[in-house]
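**Q** Here you go, sequence then predicted model.
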Amino acid sequence: MALTRLLLAAGLILVTISLTVPVGAQGADEFDIPNGRFYTQTRGSAPAGHGFAVTDNNDVPFYTWFRRFGGVSAVGYPVSHRFQWKGFVSQAFQKVVFQWRPDQGGIVTFVNVFDELNAAGKDDWLAVVREVPNALKWEEDRGKSWDDIVKNHYALLEKDKAIKDAFLSVSDPIAFNGLPMAYEDMKNVAVLRAQRRVFQRWKTDQPWARAGQVTVANGGDVGKEAGLYPQEAITPRSPNETPQLVLAATPTPAPTATPTTPVVTKPTGPTPNPVHPACGRLEHEIEKSLAKNATMDEGYTNGVPNGWTWFSSGNVKSIEETGYEKFGRASWLIEGSGNFVAGAYQVFTVTPGKWYQAFYATAQQVFGNGRRDGSLPLLREIGLDPTGSTNPDAATVIWGRASGGQPDKDAGRYGGWKTMGNNNNPLVSMIAVTNKMTLFIRVRGWPDVDNGKAWIESVQFFEACDPAFKK
């Protein structure tokens with residue numbers, strides 16, 4: 001079972017279609033439109049009336065197959081518009097991703113989302129954020145009949161009866177779930193990874209499940225959270241602005257030019273990190289950041305840097321730290337234990353049509369299960385919301401890849417400074433679609449963290465000088 005790497009062209013073209021909405025239906029959560037139905041339930045913080053359409057337009061009968069599969073109860077609400085994925089028209093729903101296959105006689109199939117996450121290098125992210133085991137290689141499937149392959153994979157179901165019952169509870173387990181790919185019995189949860197869904201049996205009471213309960217991580221939602229789909233495809237729109245299809249475009253080749261070596265004046269002050277790959281900005285040029293209190297040096301109120309709005313859950317606190325900093329005189333220390341989430345945001349006035357990007361300098365130290373080696377790093381992230389929402393859980397927030405950063409190899413030292421949004425942690429860069437854009441910074445822990453500390457030293461947010469550079 002070869003897993004192919006997700007390839008999406010860098011450029012994206014939005015083709016829109018006008019949909020006439022019945023008078024009196026504007027305030028409904030969902031309503032009929034020509035050749036389909038419009039749903040607003042997954043719009044997140046987008047304006048009222050925005051959402052996603054499911055239609056039979058252009059001879060791609062997604063709405064017909066949506067009803068044939070069982071509608072919302074079977075596949076969930078749509079979480080994207082139509083988009084081109086590997087040459088096929090696709091659309092993501094909460095539980096599955098549709099793909100129109102004219103090459104197979106004109107049918108709709110479900111994408112093996114968790115295989116695509118593996119191919120896109122997201123297995124480590126799944127393990128940390130979703131407690132999903134890495135997919136096994138399954139070399140033994142080579143040369144086997146389909147029946148033998150199914151038998152091999154179904155053997156994983158015998159490891160946990162409750163998960164097996166949940167897996168087999170749908171009308172067509174392979175169609176909806178895909179083949180089982182891996183199983184792991186962890187401290188707090190037993191997990192079965194399938195190609196299209198993940199099943200988790202919890203051993204202790206959780207805020208979202210009782211002990212013994214099996215929950216399902218739906219492939220469509222997880223793929224969206226992990227950034228598999230184009231940003232243009234997952235941005236809710238009004239019915240009259242709904243994209244008919246987000247196409248992968250072939251970028252126009254740039255003309256050949258004789259390269260010139262840029263002249264860089266050696267700065268004073270701290271030794272700079274390498275030039276940032278997207279814009280050529282030196283990482284210590286904090287004065288160019290549009291963020292208020294970008295260096296975390298301009299005062300604190302109740303332990304939160306002035307200019308920033310705090311959000312948190314769980315056992316966490318924040319203070320001004322003057323004993324550990326990279327630039328300036330202070331850093332912001334977020335400290336917590338267990339499953340905590342903490343961070344802050346700023347809302348900026350931006351220019352629609354222009355590109356913006358963000359990154360920040362941070363360090364971490366973690367004590368977990370008696371360990372002081374940094375092997376349980378906190379997750380630190382940066383995200384942007386092009387709608388200006390102030391909800392960090394909104395579907396419109398695009399987060400860069402979570403990272404624990406450089407581990408603390410010496411119990412007597414802090415973890416090294418790291419730039420979130422640089423090098424192997426792609427920065428978040430997007431085009432402004434309204435006159436507001438929100439920057440989020442977030443730190444997360446999990447049960448094994450006895451005491452975790454994250455220092456946030458400087459935050460940069462500015463207009464991107466290279467519009468072709470995308471996350």
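**A** Cool, got the structure.
**Q** pLDDT below threshold where in the stretch 251-400 of the chain?
**A** Applying pLDDT under 70 to the stretch 251-400 of the chain flags the ranges 251-287, 324-328, 361-377, 400.
**Q** can you rerun that using 80?
**A** Applying pLDDT under 80 to the stretch 251-400 of the chain flags the ranges 251-289, 295, 321-329, 352-380, 395-400.
**Q** Same check on the stretch 51-200 of the chain?
**A** Low-confidence regions of the stretch 51-200 of the chain, defined by pLDDT under 80, span residues 103, 128-129.
**Q** would you list every one of the strands in it?
**A** All strands of the stretch 51-200 of the chain, identified by DSSP state E, counting those that start in this stretch, fall at 52-55, 83-85, 88-92, 97-101, 107-110, 180-185, 189-194, 197-202.
**Q** Regarding stretch 199-217, how distant is the last residue from the first?
**A** Stretch 199-217 has its terminal residues 6 Å apart, counting by C-alpha to C-alpha, to the nearest Å.
**Q** What residues of it count as buried?
**A** For stretch 199-217, a neighbour-count test (16 or more other C-beta atoms under 10 Å) marks 199-202, 214-217 as buried. (Glycine included, C-beta is placed from N, CA and C.)
**Q** Can you say which of the strands of the stretch 51-200 of the chain is nearest to W208?
**A** Among the strands of the stretch 51-200 of the chain, strand 197-202 comes nearest to W208, with 8.5 Å by C-beta to C-beta.
**Q** partner strands of that closest one, parallel or antiparallel?
**A** Strand pairing for strand 197-202, using DSSP bridges, gives strand 189-194 (antiparallel), strand 214-218 (antiparallel).
**Q** from the buried residues of stretch 199-217, which is closest to T309?
**A** Checking those against T309 by C-beta to C-beta gives A217 as the nearest, at 29.9 Å.
**Q** shouldn't that closest one be in contact with R197?
**A** Yes - if you go by C-beta atoms under 8 Å, A217 and R197 touch, sitting 6.6 Å apart.
**Q** before we move on, back to that, can you tell which of the strands paired with strand 197-202 is closest to N58?
**A** Among the strands paired with strand 197-202, strand 214-218 sits nearest to N58 (C-beta to C-beta), with 26.7 Å.
**Q** Next secondary structure element downstream of that closest one?
**A** Downstream of strand 214-218, the first helix or strand assigned by DSSP states H and E is helix 219-225.
**Q** For the helix or strand just after that following helix, name the packing helices and strands.
**A** Downstream of helix 219-225, the first helix or strand assigned by DSSP H and E is helix 231-234. Counting contacts by 3 or more C-beta pairs under 8 Å, 6 or more residues apart in numbering; DSSP states H and E, helix 231-234 is packed against strand 243-249.
**Q** which SS class is A454?
**A** Put simply, A454 is strand when judged by DSSP: H, G, I helix; E, B strand; the rest coil.
**Q** thinking again about what came up before, distance to R237 added to the strands paired with strand 197-202, as a markdown table?
**A** Shown next, in a markdown table, are those (distance: least, C-beta to C-beta, whole Å):
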| stretch | distance to R237 |
| --- | --- |
| strand 189-194 | 32 |
| strand 214-218 | 22 |
